[in-house]
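>>> Provided below for reference: sequence and predicted model.
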Amino acid sequence: MFGKLLKHVRERCPLVHNITNYVTVNDCANILLACGGSPVMSDDVGEVEEITSICGGLVINTGTLNQRTIPAMLAAGKKANALRHPVVLDPVGAGASALRTKTALELLENVPFQVIRGNISEIKTLAQGSGTTQGVDADAADCVTEDTLAQSAAFVKAFAAKTGSVAAVTGAIDIVADGEKAYIIYNGHPMMSRITGTGCQLSAMTAAYITANPENVLEAAAASVCAMGVCGELAFERLGPLDGNASYRNYILDAVYRLDGETLERRAKYKIM
Amino acid sequence: MFGKLLKHVRERCPLVHNITNYVTVNDCANILLACGGSPVMSDDVGEVEEITSICGGLVINTGTLNQRTIPAMLAAGKKANALRHPVVLDPVGAGASALRTKTALELLENVPFQVIRGNISEIKTLAQGSGTTQGVDADAADCVTEDTLAQSAAFVKAFAAKTGSVAAVTGAIDIVADGEKAYIIYNGHPMMSRITGTGCQLSAMTAAYITANPENVLEAAAASVCAMGVCGELAFERLGPLDGNASYRNYILDAVYRLDGETLERRAKYKIM
Amino acid sequence: MFGKLLKHVRERCPLVHNITNYVTVNDCANILLACGGSPVMSDDVGEVEEITSICGGLVINTGTLNQRTIPAMLAAGKKANALRHPVVLDPVGAGASALRTKTALELLENVPFQVIRGNISEIKTLAQGSGTTQGVDADAADCVTEDTLAQSAAFVKAFAAKTGSVAAVTGAIDIVADGEKAYIIYNGHPMMSRITGTGCQLSAMTAAYITANPENVLEAAAASVCAMGVCGELAFERLGPLDGNASYRNYILDAVYRLDGETLERRAKYKIM
């Protein structure tokens, strides 16, 4: 299944509109090209509706949001909805400032999202309308572990049901769920947290996966999360004794570029709850 | 000839002012350093005239343009013209939104450009005042092939004559022309389209080439296009079985850093029409 | 001593708020992760006070400053001061435009900085209220050499005394001083100037070092400068015959990621004046 979804990305080459932060934007563009999609970045309210119209999907990422780009996020999201283009929300830093929390909540109210991807602290903030976030990383107290897994999966399912979205909560253990079904994903490597923007990249790639697979949004989001984790593992195996996080960043993108469906199927580690 | 032009870039170390997008800006800075130039990035209307005054050349790139940066593009362009600094236009996404098309046309009306570099769809948009662009990539229907080459070369020459610029239309086959003479360039590798920003990087490097070679703008632009293509080939030859587009990006920049005039002369593949 | 300071960064994992330019922001985030810290980027005046409140330190970098971000720099700086968080100023391009010089001086007047890091031209501009800067690089006439060292060290000490900051003036020879004591640092490699953003990266890492070592700001800043230089040397030693500035950039970050206190102590080359 995941292999076929990946193949669709490569065959259908989805064009994805990104309204995203300036920290990781280059990596987001390159991962879209690596996975088989194509990126367009645009954040001026004077053109985002047109730009999103020529694309197949949209990702809205709230990292380094500002007063100028927030209206563009809303306008693009609404337009994409009207055109039935899938939209991904990455609520970077929700909980870290009132502006980010408020913006993410406003986006949620105005734009039905097909997928919401964040760390557990960000998603808890959205679920509760408030929260604590340690900067742009998840708060340790929130982390998903085997002990809290049943509870966490129930929480993610409930959030997905409430928002009508697929929720992708990523961390040491990833949970990708709609209201009914949760993929619990064990791929990835802790060193991925030592690179900036693996989350942003995953959100961008997920937009490509769901745009290429509109009939299977939950599975496509789960496949994208598995693919990112598998590539984190493959890249880690490739590290030499002098390599650090810069080479690791490159190797992950390289692995996404090289990933085939057979490898994804074979290495995907997940269960369904 | 091309070897000498490259040597001038390394000897004269042109300082290039970039008003550019936030997606590929880091690569633009690094390619300028790699080729022997030096970059300054600045896009606030309150300083761009001063910044461009201390530089030797300017590149204006409309990717991720916004209401704040458009006036800065115009002000910097006019100032550079007044100082007789060469200016390069990279009309990223012209045709993809009315804002981009309008901005590019407004720049063309107000700022004589020494070089305009874009893909065929972008240049057709500028030539016609409208057009179709598949995001920031060229539309397949527009692509330059051997079959359409004579017609395409005539089109590029006519566009160059009309604008008084050297036009550099890049793709599988590149055409660099003024009103009289066209370089048809066969260097490069298809994988270059799988990295974000090779076009932006080429525009930045071209600004360095023409700034260091003001007496030979057409040849300098052609040399820059050949150099990028040659480096794309050298980088492709260096790829290992695990390398993907991230390593390829690095290898291209590395090749630009290492490129010498002798290699450029030997590997340049072009004809004149 | 330096080894212990490095160890503190890894143990205390300082969260650093960056208001910085869009050219080198990704590298700044990755070097913070490489050295053991954690980055948050945010530049909207509507959230920077909150964001800086959840961090341990702040770095303000004036590269690609604009009218929107300048008030955010001031607001964040004042808030960090009020919270007794250490703040680093990187006055990129001070002297290159009136806007940059004025902004840097306004920041200096309103925000006591624990560390000010720049090239000699930028620091001279701040000391004199005016200056000449060749773009964002130091003017050759200003460069610190063995011949001018005593005079330069006295200048940097005087500037540090006047501002109440530790001043870190980096170049071929680095000087890190408070009003009393100067570290003269000989680490580094000339090729570091062929990568964009090594200065910005150093400022970000320095914020991590002083945030993790608030009791030893001078030594922590000197340790950070030595660490960057040592990593520039280690990365240079790693270069293969095809490697250029892109690989060098990655190798420096990799070296920061791998650097341990023992290596830093052994390779640090400095004297005290």
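Arrived safely.
>>> can you name every helix or strand that the longest helix along chain A contacts?
Ranked by residue count, the top helix of chain A under DSSP state H comes out as helix A:217-238. Applying 3 or more CB pairs under 8 Å, 6 or more residues apart in numbering or on different chains; DSSP states H and E, one finds that helix A:217-238 contacts helix A:2-12, strand A:115-118, strand A:166-169, strand A:174-177, strand A:182-185, helix A:198-212, helix A:245-258, helix A:261-267. C-beta: built from backbone N, CA, C; applies to glycine.
>>> which helices and strands sit right next to the very next helix or strand once past the last one?
If you walk from helix A:261-267 toward the C-terminus, the next helix or strand you reach (DSSP states H and E) is strand A:270-272. In this structure, strand A:270-272 packs against strand A:182-185, with contacts taken as 3+ CB pairs under 8 Å, 6+ apart.
>>> do stretch A:176-196 and chain C meet?
Yes. Judged by CB under 8 Å from any CB of the partner chain, stretch A:176-196 and chain C are in contact via A:194-196.
>>> before we move on, back to that, looking at the longest helix of chain A now, give me its mean pLDDT.
The pLDDT scores in helix A:217-238 average 98.
>>> mind listing what's buried along it?
A:217-236, A:238 (16 or more other CB atoms under 10 Å in any protein chain shown).
>>> cool, and stretch A:80-87?
Quick answer for stretch A:80-87 (16+ other CB under 10 Å): A:80-81, A:85-87.
>>> who touches it?
Residues outside stretch A:80-87 that contact it (CB atoms under 8 Å, 6 or more residues apart in numbering or on different chains): A:17, A:52-53, A:55-60, A:77, A:111-115, A:207, A:210-211, A:214, A:217.
>>> got it, and stretch A:155-172?
Contacts of stretch A:155-172 (CB under 8 Å, 6+ apart): A:89, A:108, A:112-120, A:123-124, A:126-127, A:138, A:143-145, A:152, A:174-182, A:188, A:190, A:199, A:202, A:206, A:210, A:217-218, A:221-222, A:225.
>>> still on that earlier bit, can you narrow the residues of stretch A:176-196 next to chain C down to the ones near chain B?
Counting by CB under 8 Å from any CB, no member of those is near chain B.
>>> just give me the closest of these to chain B.
Using CB to the nearest CB, residue A:195 is the member of those that lies nearest chain B, at 11.6 Å.
>>> so who does that closest one touch?
Here residue A:195 is in contact with A:245, A:248-249, A:252, C:30, C:33 (CB under 8 Å, 6+ apart).
>>> please enumerate the strands of the stretch 1-150 of chain A.
Using DSSP state E, counting those that start in this stretch, the strands of the stretch 1-150 of chain A run over residues A:15-19, A:38-41, A:57-61, A:87-90, A:115-118.
>>> looking at the helices and strands packed on helix A:217-238, which is nearest to residue C:5?
helix A:245-258 (20.7 Å; CB to CB).
>>> please state the offset of that closest one from the chain centre?
17 Å (CA atoms, centre = their mean, to the nearest Å).
>>> return it as CSV; C-alpha atoms alone will do.
This file holds the C-alpha atoms of helix A:245-258, laid out as CSV (Å, rounded to 0.1, in the frame of the first residue of the first chain):
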residue,chain,number,x,y,z
ASN,A,245,24.1,17.1,11.6
ALA,A,246,24.9,18.9,8.3
SER,A,247,25.8,15.7,6.5
TYR,A,248,22.9,14.0,8.2
ARG,A,249,20.6,16.6,6.8
ASN,A,250,21.9,16.0,3.3
TYR,A,251,21.8,12.3,3.6
ILE,A,252,18.1,12.4,4.7
LEU,A,253,17.2,14.4,1.6
ASP,A,254,19.4,12.1,-0.5
ALA,A,255,17.5,9.1,0.9
VAL,A,256,14.2,10.7,0.1
TYR,A,257,15.4,11.2,-3.4
ARG,A,258,16.4,7.5,-3.7
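>>> now that helix: buried residues?
A:245-258.
>>> need the residues you listed in JSON lines (columns: pLDDT).
As requested, those are exported to JSON lines (pLDDT from 0 to 100):
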{"residue": "A:245", "pLDDT": "98"}
{"residue": "A:246", "pLDDT": "98"}
{"residue": "A:247", "pLDDT": "98"}
{"residue": "A:248", "pLDDT": "98"}
{"residue": "A:249", "pLDDT": "98"}
{"residue": "A:250", "pLDDT": "98"}
{"residue": "A:251", "pLDDT": "98"}
{"residue": "A:252", "pLDDT": "98"}
{"residue": "A:253", "pLDDT": "98"}
{"residue": "A:254", "pLDDT": "98"}
{"residue": "A:255", "pLDDT": "98"}
{"residue": "A:256", "pLDDT": "98"}
{"residue": "A:257", "pLDDT": "98"}
{"residue": "A:258", "pLDDT": "98"}
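>>> returning to what we had before: closest to residue B:99 out of the helices and strands packed on helix A:217-238?
It is, among the helices and strands packed on helix A:217-238 and with distance given as CB to CB, helix A:198-212, at 22.7 Å.
>>> now whichever residue of the stretch 51-200 of chain A sits closest to chain B. Nearest residue, chain neighbours left out?
Closest contact between the stretch 51-200 of chain A and chain B, by CB to the nearest CB, is at residue A:51 (5.4 Å). Nearest residue to residue A:51 in three dimensions, chain neighbours excluded: residue A:42, at 4.3 Å (CB to CB, 6 or more residues apart in numbering or on different chains).
>>> that neighbour contacts residue A:15, correct?
No. The pair residue A:42 and residue A:15 fails to qualify as a contact (CB atoms under 8 Å) at a distance of 11.9 Å.
>>> these two - which one has more neighbours?
residue A:42 (29 against 22; other CB atoms under 10 Å in any protein chain shown).
>>> quick one: the more buried one from residue A:18, how far?
8 Å (CB to CB, to the nearest Å).
>>> repeat for residue A:178
In terms of CB to CB, residue A:178 sits 24 Å off from residue A:18.
>>> looking at these two, which has the bigger crowd around it?
Shown here are residue A:178 and residue A:18; by other CB under 10 Å, residue A:18 has more neighbours (29 against 19).
>>> chain C contacts on the stretch 1-150 of chain A?
A:21-24, A:26-27, A:63-68, A:93, A:96-100, A:133-137.
>>> inside helices: which ones of the residues you listed?
Going by DSSP H, the helices hold A:26-27, A:98-100 from the residues of the stretch 1-150 of chain A next to chain C.
>>> a markdown table please, covering the residues you listed and showing neighbour count and pLDDT.
Formatted as a markdown table, these follow (neighbours: other CB atoms under 10 Å in any protein chain shown; pLDDT from 0 to 100):
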| residue | neighbour count | pLDDT |
| --- | --- | --- |
| A:26 | 23 | 98 |
| A:27 | 25 | 98 |
| A:98 | 12 | 96 |
| A:99 | 22 | 97 |
| A:100 | 27 | 97 |
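>>> out of those, which two sit at the greatest distance?
Maximum distance among these (CB to CB): 28.9 Å, for A:26 and A:98.
>>> single out the residue in the stretch 101-250 of chain A that lies closest to chain C.
residue A:244 (2.6 Å).
>>> just the mean pLDDT for stretch A:10-19, thanks.
pLDDT averaged over stretch A:10-19 gives 98.
>>> how long is that stretch from one end to the other?
22 Å (CA to CA, to the nearest Å).
>>> who's in contact with it?
A:25, A:28-29, A:32, A:35-43, A:48, A:51-52, A:54-61, A:69, A:72-73, A:76, A:80, A:204, A:207-208, A:211-212, B:134-135.
>>> also stretch A:174-181?
Here stretch A:174-181 has contacts from A:144, A:152-153, A:156-158, A:160-161, A:165-169, A:182-188, A:217-218, A:221-222, A:225, A:229, A:272-273, using CB under 8 Å, 6+ apart.
>>> send me stretch A:83-99 as PDB with only the CA atoms.
Extracted in PDB, the C-alpha atoms of stretch A:83-99 (Å, rounded to 0.1, in the frame of the first residue of the first chain):
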ATOM      1  CA  LEU A  83     -10.900  24.400  -5.200                       C
ATOM      2  CA  ARG A  84     -10.900  21.200  -3.100                       C
ATOM      3  CA  HIS A  85      -7.100  21.100  -3.000                       C
ATOM      4  CA  PRO A  86      -5.800  19.300   0.100                       C
ATOM      5  CA  VAL A  87      -4.300  21.600   2.700                       C
ATOM      6  CA  VAL A  88      -1.700  20.700   5.400                       C
ATOM      7  CA  LEU A  89      -1.300  22.800   8.600                       C
ATOM      8  CA  ASP A  90       2.000  22.800  10.400                       C
ATOM      9  CA  PRO A  91       1.400  24.900  13.500                       C
ATOM     10  CA  VAL A  92       5.000  25.500  14.300                       C
ATOM     11  CA  GLY A  93       5.400  27.000  17.800                       C
ATOM     12  CA  ALA A  94       1.700  26.900  18.700                       C
ATOM     13  CA  GLY A  95       1.800  27.400  22.400                       C
ATOM     14  CA  ALA A  96       5.000  29.300  22.300                       C
ATOM     15  CA  SER A  97       3.400  32.700  21.800                       C
ATOM     16  CA  ALA A  98      -0.200  34.000  21.800                       C
ATOM     17  CA  LEU A  99       0.200  35.100  18.200                       C
END
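>>> fine by me, thanks again.
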